[in-house]
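[1] pasting the sequence and the predicted model now:
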Protein chains: 2
Amino acid sequence: MKKLINKTDDVVRESLEGIAAAHPDLVRVSYEPYYIVRADAPKQGKVGIVSGGGSGHEPMHGGFVGMGMLDAACPGEVFTSPTPDQMLEATKAVNGGAGVLHIVKNYTGDVMNFEMAAELARGEGAEVEAVVIDDDVAVQDSLYTAGRRGVGTTVLAEKICGAAAEEGQSLQQVAELCRKVNANGRSMGMALTSCIVPAAGTPTFELGDDEMEIGIGIHGEPGRERRKLAPAADIVETLTVAVVEDIPFEQGDQVLAFVNGMGGTPLIELYIVYNELRKLLDGRGITIARNLIGPYITSLEMAGTSITLLRLDDELTRLWDAPVKTPALRWGA
Amino acid sequence: MKKLINKTDDVVRESLEGIAAAHPDLVRVSYEPYYIVRADAPKQGKVGIVSGGGSGHEPMHGGFVGMGMLDAACPGEVFTSPTPDQMLEATKAVNGGAGVLHIVKNYTGDVMNFEMAAELARGEGAEVEAVVIDDDVAVQDSLYTAGRRGVGTTVLAEKICGAAAEEGQSLQQVAELCRKVNANGRSMGMALTSCIVPAAGTPTFELGDDEMEIGIGIHGEPGRERRKLAPAADIVETLTVAVVEDIPFEQGDQVLAFVNGMGGTPLIELYIVYNELRKLLDGRGITIARNLIGPYITSLEMAGTSITLLRLDDELTRLWDAPVKTPALRWGA
């Protein structure tokens, strides 16, 4: 295992210390229990937005805490759900009286623990809504999930709902918006290499030198099939067809195209992926109105990519364009 | 070789097509010869800034073209210097009558070709200055370089000089500023794994499962020494001591700390590196006033990191903070 870490038990805590030290203008970090919160939380009268999940997917979620996106993020140990305690404390820390939205990726542990935290928070008088993101078209059920997994659309939902909360929308409005983003977003990923969980020390799965996994999960869960390596054009076609034909996206649609790096894939390759994607969508009469290209929902050092398409309307486009100021996403501020 | 590419000969062109398609609001791309230029170039009365070098280091340089940073970038083939022809055409494309600064990393081919391009451009009536960046403390001479290599400080020089040009400083002022950044910036890197040049198809160098290379170059050039793997704290101490003691940086200094990812290292590890770095600098009484953390000058899919420190004063801090709007760096706009 080759990683820039100290003790495997300290990976999450030390990375949180790094975030806290690097971005004191944007975030504060609680260590007991772990959560990352906006430096200016709670914002009175604003809906608070909390997300979270296992670590190892950085910058998601902690890198998205700040103006116009998340109010707090709860990091679990690597690929391990955070605890209800973390979620409860984060919820209380961001509740400015207008209620709190939990954005939850569909993994059994995350969903269960966020449900428990919401119950506990409601018991303490907070208004809490939760929306589960389940956008991965690769498989119906998976290693850690009943139903579809939550992946790339989560990033887009956090940005768009964060903008809505920032402009003063109500908890019901922001939750409804989050459901709309989930309903209009679809993703699929693939891996060229495995990730290595620090505490395990060995690859999560084995792939031959001439093999790739199509439909991979962000924890290395099995996808649809293992195939021989292929040119980027073929890989992108496989992912794109699966994503496009699921909703389906149709001629005339305007979309946000998100080409994500899994952590070990350099940017030069992601632009080649984007180039193939835009040609395929051009051919189907689907217009890319916005894009996001880079490693935003990763799987440690896994090499690979995922493609997320979100069908846009004027409301989603406007909220996507709104200013955001977080460690990992920033524009207009 | 596991990469998201099509034909190895097409990697650079197709990634340029991807950039052009993704960011038409920010940049245009010329394909004969290759260069990436601001969508609104030339800016009349503004000093133009051109950089360039081999591809494989993305987002450097093409991802830094835009308001407040570069006016143009010339990408060579992977790890291969761009040609004088590219640099000449880019220079002419951004010359708004106030002259053009070439920011050149110290690699023999880059320096020679930029010199030739500057001569040709001057012959056509353009005023051209060049500054060579040579900030890598690892080795005195290297595989492709007489003197020190140019690495991370290049990114900082491009941002800071871009801001100065944006506010209307003269060519002489911007060139002098660039020399000042180079004089106050130092870097050193290390690798856990090798990169693979697409046209070669095999790792540039061999490293054992328990080895790392300290002082690596961004093309995989040999560094100071090969060592057994070590905890992040030890690695960061080695890099930091070498960087700090070179100028030297001293108690009371304010610095910009840039923790760079080499392409295959995920963000969670870079924050652990940053955490070690800030503890070491704290111990020496050196204050991190600004930071940049992420993969900005990469070496394809190499796993590893580099640390750059830039001594700040009020002028450099103000120019660093100025708005920038490029594909890879964006704030305040």
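    Yep, it's here.

[2] leaving out sequence neighbours, find the closest residue to A:Tyr271.
    B:Gly18 (3.3 Å; CB to CB, 6 or more residues apart in numbering or on different chains). Yep, even glycine has a C-beta here, placed from its N, CA and C like the rest.

[3] backbone phi and psi for the one you found, please?
    Main-chain torsions, B:Gly18, degrees, to the nearest 10: phi -60, psi -40.

[4] show me what contacts it?
    By CB atoms under 8 Å, 6 or more residues apart in numbering or on different chains, the contact set of B:Gly18 is A:Leu270, A:Tyr271, A:Ile272, A:Val273, A:Tyr274, A:Asn275, A:Arg278, A:Ile293.

[5] SS state for the last one?
    When you say that, I think you mean A:Ile293. The three-state label given to A:Ile293 by DSSP: H, G, I helix; E, B strand; the rest coil is strand.

[6] how near is it to chain B?
    To chain B, A:Ile293 is 6 Å away according to CB to the nearest CB, to the nearest Å.

[7] give me the nearest residue to A:Val78, chain neighbours excluded.
    Spatial nearest neighbour of A:Val78, excluding adjacent residues (CB to CB, 6+ apart): A:Gly56 at 4.3 Å.

[8] can you give me the strands in chain A?
    Under the criterion DSSP state E, strands of chain A are mapped to A:27-31, A:34-38, A:48-55, A:72-78, A:100-105, A:128-133, A:185-191, A:211-214, A:225-228, A:254-261, A:287-294, A:304-311, A:324-325, A:330-331.

[9] turn those strands into JSON lines, columns for mean neighbour count.
    Shown next, in JSON lines, are the strands of chain A (neighbours: other CB atoms under 10 Å in any protein chain shown):
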{"stretch": "strand A:27-31", "mean neighbour count": "18"}
{"stretch": "strand A:34-38", "mean neighbour count": "26"}
{"stretch": "strand A:48-55", "mean neighbour count": "29"}
{"stretch": "strand A:72-78", "mean neighbour count": "26"}
{"stretch": "strand A:100-105", "mean neighbour count": "29"}
{"stretch": "strand A:128-133", "mean neighbour count": "21"}
{"stretch": "strand A:185-191", "mean neighbour count": "28"}
{"stretch": "strand A:211-214", "mean neighbour count": "21"}
{"stretch": "strand A:225-228", "mean neighbour count": "13"}
{"stretch": "strand A:254-261", "mean neighbour count": "25"}
{"stretch": "strand A:287-294", "mean neighbour count": "18"}
{"stretch": "strand A:304-311", "mean neighbour count": "27"}
{"stretch": "strand A:324-325", "mean neighbour count": "20"}
{"stretch": "strand A:330-331", "mean neighbour count": "17"}
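
[10] of all the ones you listed, which one comes closest to B:Pro266?
    Of all the strands of chain A, strand A:254-261 sits nearest to B:Pro266, with 9.5 Å by CB to CB.

[11] so which residues on the stretch 1-150 of chain A come close to chain B?
    Neighbours of chain B within the stretch 1-150 of chain A, by CB under 8 Å from any CB of the partner chain: A:2-7, A:11, A:14-19, A:21-22, A:55-56, A:58-59, A:63.

[12] which parts of the stretch 151-300 of chain A sit against chain B?
    Contact residues, the stretch 151-300 of chain A versus chain B (CB under 8 Å from any CB): A:192-193, A:209, A:212, A:229, A:231-233, A:235, A:263-275, A:278, A:288, A:291, A:293, A:295, A:298, A:300.

[13] and A:Gly150, what are its phi and psi?
    Main-chain dihedrals, A:Gly150, degrees, to the nearest 10: phi -100, psi 120.

[14] quick one: contacts for the nearest residue to it once chain neighbours are set aside?
    Excluding the flanking residues, the one nearest A:Gly150 by CB to CB, 6+ apart is A:Lys105, at 3.1 Å. For A:Lys105, the contact set (CB under 8 Å, 6+ apart) comprises A:Ser51, A:Gly53, A:Val132, A:Ile133, A:Arg149, A:Gly150, A:Val151, A:Thr154.
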